[in-house]
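> Here you go, sequence then predicted model.
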Amino acid sequence: MKKKKQFATEPPTVAELGENKANLLIQELWEKLREYEDRLALSSRNSSKSPSSDSPADKAERKKLKRLVVEIRLALNLDIRGIKDH
């Protein structure tokens, strides 16, 4: 069974949400992004963990998180541009 994409639809626009809700959404996404970045920081490459402690599942999770961080950053940049344009 294929896993459903988390960001399969287009992000909402500021006009659809209103500026206050858009700002709340950006804040929520920013906090989630920071959480993902913190989780990405925990690897043998940049901590005292040994390389053998990185399981294949951990490596796969890091790849997923990196891809998600990129997607979130792109979405935030698009949303922020939408706010600045208004």
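Perfect, thanks for sending it. It should be emphasised that the depicted structure is a prediction, and the values quoted were computed from it without experimental measurement.
> So which residue is dead centre in this protein?
Residue closest to the mean C-alpha point of the chain, counted by CA atoms, centre = their mean, is V69 at 3.4 Å.
> what residues are up against it?
Applying CB atoms under 8 Å, 6 or more residues apart in numbering, we find V69 in contact with L33, Y36, E37, L40. No exception for glycine: its C-beta is placed from N, CA and C like everyone else's.
> In terms of helices and strands, where is the third one?
According to DSSP states H and E, E37 maps onto helix 19-40.
> can you point me to the longest helix in the chain?
The residue-count maximum for a helix in the chain (DSSP state H) belongs to helix 56-85.
> So for that one, mean pLDDT?
Across helix 56-85, pLDDT averages out at 78.
> and the direction of that helix versus that of helix 19-40, what angle?
Angle, helix 56-85 to helix 19-40, by axes from the mean of the first three to the mean of the last three CA atoms, to 10 degrees: 150 degrees.
> can you give me how far helix 56-85 is from the chain middle?
From the chain centre to the centre of helix 56-85 is a distance of 4 Å (CA atoms, centre = their mean, to the nearest Å).
> Could you do stretch 32-46 as well?
11 Å.
> for it, what is the average pLDDT?
Per-residue pLDDT over stretch 32-46 has a mean of 78.
> Other residues contacting that stretch?
Contacts for stretch 32-46 (CB under 8 Å, 6+ apart): 47, 49-54, 58, 62, 65-66, 68-69, 72-73, 76.
> Which among those count as buried?
Neighbour counting over these (16 or more other CB atoms under 10 Å) leaves D54, R62, L68, V69, I72, L76 as the buried ones.
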